[in-house]
Structure formats: C-alpha cells, structure tokens
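Trainee: have a look at this prediction, sequence included:
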Amino acid sequence: MIRAVLDTNVLVSATIVPQGYAARIVGLWDKRRFVPLLSPVLLEEVDEVLRYPRICRRHGWSEEKIQRYAVLFRFYVSMRPGHNELANAVCIVSKRRPSAPI
C-alpha cells in the first residue's frame, strides 16, 4: 500500500474546491488507494485553518462538519510518533503532481 504525506493545503483545498485536484487526492484515500501519513501538529493546523473566517466563507461548513472532518483523519490515518513514517512515503502537496518517493 502506498503511504503519502498530505500537506495542510491539500486537506483544506479539498473542502473549498470539491471538484479540484486536492479533492481527487482525498477521494483516492477514501477509496483506500493509499494511506495518508499525518502528524498531530499537521492535524491541529488543518483544524485551525478550516475555522479561519475567509476559509469558512469558502467551504461553508458548519462547526459540526469541521469537527467530523478532523475526527475522520485522526481515526483513519497513520500516525505513529517515534517511528520513521516517512521512509518510502510519497509527498503530496497542493497544485503539484506527486513527487518521487522520499
């Protein structure tokens, strides 16, 4: 199974442009095509950014939906503090094609 590091921009952009590249990446995760690798710090950042007023205006989500999105990632992604999770992972950032394995 491919393991991929998702940038905050990908996770936030997917909420703003549901038909965009970032949403397609999140959709591939939903179809179990890869395992996202996220850190607790990154998830906190996503949670914070989704609540920015200008971002809220763009995605139009309720507080409950933002919380569900955050819980979804905390529950279903690979986060193992103390392990080298980035070995052989693919880095995916917004508006760029996936890079070669790092």
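Mentor: Arrived safely. Numbering: from 1, shown residues only.

Trainee: pLDDT of the host helix or strand of Pro36, averaged?
Mentor: Assigned by DSSP states H and E, Pro36 belongs to strand 34-37. Strand 34-37 shows a mean pLDDT of 85.

Trainee: any idea how far the helix or strand hosting Arg57 is from the chain center?
Mentor: If you go by DSSP H and E, Arg57 is part of helix 53-59. Averaged C-alpha coordinates place helix 53-59 at 17 Å from its chain's average position (Cα atoms, centre = their mean, to the nearest Å).

Trainee: what comes up buried for the helix or strand just after it?
Mentor: Under the assignment DSSP H and E, the closest C-terminal helix or strand after helix 53-59 is helix 63-76. Using 16 or more other Cβ atoms under 10 Å as the test for burial, helix 63-76 gives Ile66, Tyr69, Ala70, Phe73. Bear in mind the C-beta positions are built from the backbone N, C-alpha and C, glycine included.

Trainee: and stretch 42-62, by the same measure?
Mentor: Buried positions in stretch 42-62, judged by neighbour count with 16+ other Cβ under 10 Å: Leu42, Leu43, Glu45, Val46, Asp47, Leu50, Ile55, His59, Trp61.

Trainee: packing partners of the one helix or strand Ala22 maps to?
Mentor: For Ala22, the host element (DSSP H and E) is helix 21-30. Helix 21-30 sits against strand 2-6, helix 8-16, strand 34-37, with contacts defined as 3 or more Cβ pairs under 8 Å, 6 or more residues apart in numbering; DSSP states H and E.
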